[in-house]
Each structure stands twice: as C-alpha cells, then as structure tokens.
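Asks: The following comprises the amino acid sequence and a computationally predicted model.
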Amino acid sequence: MISEEVLELAKAQGVMISTAESCTGGMVIAALTDIAGSSSVVDRGFVTYSNAAKTDMLGVLPETLATHGAVSEPVAREMADGALSHSAAQLSVSVTGIAGPGGSEHKPEGRVCFGLARKGLKTFTETREFGSIGRAEVRRRSRDHALVLLSRALS
C-alpha cells in the first residue's frame with residue numbers, strides 16, 4: 001500500500017510530513033494516519049476548503065487567489081509552502097481542484113492542481129485532468145496521486 005511505503009520512507013529518512021488539502025477534504029492525511037505508528041512522521045494536515053481558510057491557515061496570498069483562482073498551480077504552490085512554514089514538517093503536499101459536479105470551460109470538472117514542497121528545494125507543481133468521472137472518483141484519484149508524489153519525493 002502506497003501509504004505504508006510513504007511512512008516507511010519518511011521514517012527511514014527522519015522526515016516529517018504535512019498536507020494542505022482542499023477538494024480532498026483530508027483524505028490524504030487520513031490515508032497516512034490510518035496506519036498505526038504514523039505519528040512518528042506525520043506532523044499535521046490542513047483542510048482549507050474555503051479561500052479564507054487558505055489565506056488564514058496557510059498564508060496563501062489574496063492576490064494569488066484573485067489572479068489565478070483557487071484551482072491553479074500558483075495556489076497549490078503557496079498551499080504546499082504554507083504547510084511547511086506552518087508546521088514542523090520537512091515535506092508537504094497540497095491538493096486543490098474541482099471534484100464536481102460542475103466546473104467551467106476554463107476550469108473543468110476533474111482538474112486538480114498539486115504542490116510538493118520540501119525544505120531547501122524548489123516547490124514542484126502540476127495539474128492533472130481526471131475528467132468528469134464523478135466527485136468520489138476525482139477525490140480518490142487525487143488522494144492517490146498526492147501519495148505517489150510524496151513517495152517519489154522520498155525515493
């Protein structure tokens with residue numbers, strides 16, 4: 001299971017993890033903390049569903065939200081960076097997207113932006129287009145992809 005792999009890799013490296021989640025609503029941190037012993041490497045998870053929460057809890061700039069919207073790589077970057085600066089973690093992942101139903105021509109359902117921040121390294125961002133596969137499936141795939149990003153960062 002990928003969650004166990006992430007925890008084992010983090011434990012071996014002495015790395016603490018934090019998450020910043022919007023559309024997944026805490027699914028990433030839950031996947032990690034479902035495993036006994038996770039407290040040795042999981043510091044905290046931020047569920048920042050609203051723009052105000054992204055700003056208040058993670059320090060996402062209102063200007064970034066106004067210019068790019070919540071579902072964007074610049075916001076995913078600031079979320080991941082904020083999760084590091086507001087925790088004792090050395091590695092963080094962020095998720096912000098449109099799980100659906102809905103979306104627009106410019107930001108369709110199934111678009112999810114990810115950020116991966118590690119102390120001392122440039123923050124990585126990417127966008128995945130999962131498509132109109134249903135809210136639950138977009139959220140599940142987003143959780144799984146965030147865990148893959150953590151695993152890759154630790155490998």
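Replies: Right, received. Where do you want to start?
Asks: all helices for the chain, in order.
Replies: All helices of the chain, identified by DSSP state H, fall at 2-13, 27-33, 51-58, 62-68, 73-85, 135-154.
Asks: count of residues packed around G69?
Replies: By other C-beta atoms under 10 Å, 17 other residues sit near G69. The way it works is simple: take the backbone N, C-alpha and C, and place the C-beta from them, glycine included.
Asks: So it versus E8, what's the distance?
Replies: G69 sits at a distance of 36 Å from E8 (criterion: C-beta to C-beta, to the nearest Å).
Asks: I'd like to know which of the helices of the chain lies nearest to S92.
Replies: helix 73-85 (3.7 Å; C-beta to C-beta).
Asks: got a list of what the residue nearest to the spatial centre of the chain touches?
Replies: The residue lying closest to the centre of the chain (C-alpha atoms, centre = their mean) is S94, at 2.0 Å. Contacts for S94 (C-beta atoms under 8 Å, 6 or more residues apart in numbering) come out as 19-22, 76-77, 79-80, 83, 114-117.
Asks: try it again with 6 Å
Replies: Counting by C-beta atoms under 6 Å, 6 or more residues apart in numbering, S94 touches 20, 76, 79-80, 115.
Asks: so where is the protein shaky, pLDDT-wise?
Replies: Nowhere does the chain drop to pLDDT under 70.
Asks: so C23 makes contact with A99?
Replies: Yes - contact criterion C-beta atoms under 6 Å: C23 and A99 qualify, at 4.6 Å.
Asks: Of those two, give the one with the bigger neighbour count.
Replies: Set C23 next to A99 and count neighbours by other C-beta under 10 Å: A99 wins out with 25 against 22.
Asks: How about the backbone phi and psi for that one?
Replies: phi -80, psi -30 (degrees, to the nearest 10).
Asks: how much space between it and L32?
Replies: 20 Å.
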